[in-house]
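1. let's see this in three dimensions:
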Amino acid sequence: MHVGHTAIFQNPNQAVTDYQIYREDMALAKEAADLGFQSVWGIEHHFTDYIMNPNVTQFLSYMAGYHPTVKVGSMVVVMPWYPAIRIAENMAMLDAMSDGRAIFGMGRGLARVEYEGLQIDQNESTDRFIETARAVLAGLEQGYVESDGKFIKQPRVRIRPEPFKTFHGRCYAAAVSPSSAPILAQLGIGMLIIPQKPFADHLKDVEIHAALYGKVHGSAPPKPIITSYVFCDRDAGRAEEMARKYIGGYWREVVRHYELLGEHFKDIKNYEHYQQQAAAYDENGVVDLFLSMQVYGTPEQCYEKVFAMHAMFDICGNVSAFKFAGMPFVDAQASQRLYAKEVMPELRKLGTSAPFDDGAIVPPAFMTHKAHAA
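-> Numbering: from 1, shown residues only. Now for the predicted structure:
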């Protein structure tokens, strides 16, 4: 199994300076690479203290330069917010600078504050996501971006630096809304499970995605990747106490940033799932549910929780966050070091490796055609 690290850059209520958060979270990300985590991921968000990473590929470029072998993944690039050509250029450039170590995660976005701040109509988000994703994914395989969709009007332009390695097998998208799984299957991309609803519901999404992917593409999809919020400690009691304080605190930041208890979702196209969740929301029950899907405890308990997720979803990768919700740096660092020492080596033995762990350089189709022409 592939084991990765996620940098969060969260500063609840701006308790300290944003600069301090960056110094601490960058230190953890660099140490994760040094400790043997196979990838470092960044999460795009804007304007609030929820997650302060407005330029994911810039952060990933730094990490790729810091460590010569660590892979770098976007979790996610929010597709409706950018011109398709700019996304394709950024990913091709990141891949060239990192010798093919980029993992392309994408999503459509959820927070009203971000859509309004970026001046994008959230009612258009699903259509913009689909059109942009199609244009970018095709572009990375054919060397140019071209689109004549409802929202994405792009005359043919080349991607420079041109892609030198196919992105097939290393493209993933977040899937929380039930409507997402069929869309991802049609697009030919893997599922990134970010647990926010019962595992049984996520499993249904995975099964729907796999069945439709096989019908459309004639092959099995990449195995899913799952994300986790982690606290690892030799004392089980302390681990639970810290998890309730900080992992539970992270969930409360999710609710606040996304306005999950708001009534605005009923007025936004294709966000009905979130309105239904808001209507049935019970804070204590939802916090307990969120905790039950995360990874905390002794090293043995942490392993067992990831093992259970692997048994349920047949995941190829687990990507973990260690610092969030104002957790002190020393506690996050100790948790990450213990996890790296005693949990990660055992997880690496589980299942099969992720498709993006194959070191072979497989050129995109248009480069193959160039070779044949030559």
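2. low-confidence regions, this structure specifically.
-> For the chain, the stretches with pLDDT under 70 are 279-281, 370-374.
3. in it, which residue is closest to the centre?
-> Nearest to the mean C-alpha position of the chain, by C-alpha atoms, centre = their mean, lies residue 75 at 2.6 Å.
4. next up, the contacts around it.
-> 6, 41, 42, 43, 56, 105, 174, 192, 227, 319 (C-beta atoms under 8 Å, 6 or more residues apart in numbering). Bear in mind the C-beta positions are built from the backbone N, C-alpha and C, glycine included.
5. return the set of buried residues in stretch 330-343.
-> 331, 332, 333, 334, 335, 336, 337, 338, 339, 340, 342, 343 (16 or more other C-beta atoms under 10 Å).
6. among those, which ones are in strands?
-> Secondary structure from DSSP state E places none of those in strands.
7. distance check, the residue nearest to residue 260 when sequence neighbours are not counted against residue 154.
-> Counting by C-beta to C-beta, 6 or more residues apart in numbering, residue 260 lies nearest to residue 278, which is 6.0 Å off, once chain neighbours are set aside. To residue 154, residue 278 is 36 Å away according to C-beta to C-beta, to the nearest Å.
8. same check, this time on residue 36
-> Counting by C-beta to C-beta, the gap from residue 36 to residue 154 is 41 Å.
9. more neighbours, those two?
-> When residue 36 and residue 154 are compared for neighbours, residue 154 comes out ahead with 19 against 14, by other C-beta atoms under 10 Å.
10. how about the helix or strand harbouring that one as CSV, C-alpha atoms only?
-> If you go by DSSP states H and E, residue 154 is part of strand 153-158. Output in CSV follows, covering the C-alpha atoms of strand 153-158 (Å, rounded to 0.1, in the frame of the first residue of the first chain):
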residue,chain,number,x,y,z
LYS,A,153,-14.6,27.8,-24.9
GLN,A,154,-10.9,27.2,-25.7
PRO,A,155,-9.4,27.4,-29.2
ARG,A,156,-6.7,24.8,-29.7
VAL,A,157,-3.5,25.8,-28.0
ARG,A,158,-0.4,23.7,-27.2
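11. what's it packed up against?
-> helix 84-97, strand 144-148 (3 or more C-beta pairs under 8 Å, 6 or more residues apart in numbering; DSSP states H and E).
12. mind listing what's buried along the longest one?
-> Within helix 84-97, the residues scored as buried using 16+ other C-beta under 10 Å are 84-85, 87-97.
13. from those residues, pick the one nearest residue 238.
-> residue 94 (39.0 Å; C-beta to C-beta).
14. and the longest strand seen in the chain, what other elements does it pack with?
-> In the chain, assigned by DSSP E, the strand with the most residues is strand 225-232. Contact analysis of strand 225-232 by 3+ C-beta pairs under 8 Å, 6+ apart lists strand 190-193, helix 236-242, strand 295-297, helix 299-313, strand 317-321, helix 329-338 as its packing neighbours.
15. partner strands of it, parallel or antiparallel?
-> strand 190-193 (parallel), strand 295-297 (parallel), strand 317-321 (parallel) (DSSP bridges).
16. using CSV, list the CA coordinates for the next helix or strand after the first one.
-> Which is strand 190-193. Remark: after strand 190-193, the chain's next helix or strand is helix 199-217, criterion DSSP H and E. C-alpha atoms of helix 199-217 as CSV (Å, rounded to 0.1, in the frame of the first residue of the first chain):
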residue,chain,number,x,y,z
PHE,A,199,-18.4,4.0,5.2
ALA,A,200,-21.4,2.0,3.8
ASP,A,201,-22.3,5.0,1.7
HIS,A,202,-18.7,5.4,0.4
LEU,A,203,-18.6,1.7,-0.4
LYS,A,204,-21.8,2.1,-2.6
ASP,A,205,-20.0,4.9,-4.4
VAL,A,206,-16.9,2.7,-5.0
GLU,A,207,-19.1,-0.1,-6.3
ILE,A,208,-21.0,2.2,-8.7
HIS,A,209,-17.8,3.7,-9.9
ALA,A,210,-16.1,0.4,-10.6
ALA,A,211,-19.1,-1.1,-12.4
LEU,A,212,-19.6,1.9,-14.7
TYR,A,213,-15.8,2.4,-15.3
GLY,A,214,-15.6,-1.2,-16.5
LYS,A,215,-18.5,-0.7,-18.9
VAL,A,216,-17.2,2.6,-20.3
HIS,A,217,-13.5,1.8,-20.5
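17. list the buried ones in helix 199-217?
-> Buried residues in helix 199-217 (16+ other C-beta under 10 Å): 199, 202, 205, 206, 208, 209, 210, 212, 213.
18. quick one: contacts of it?
-> The contact list for helix 199-217 (C-beta under 8 Å, 6+ apart) reads 175, 178, 180-182, 184-186, 188, 191, 193, 195, 219-221, 224, 293, 309, 312-313.
19. tell me how far it lies from the chain's centre.
-> 18 Å (C-alpha atoms, centre = their mean, to the nearest Å).
20. okay, the angle between it and helix 299-313?
-> 50 degrees (axes from the mean of the first three to the mean of the last three C-alpha atoms, to 10 degrees).
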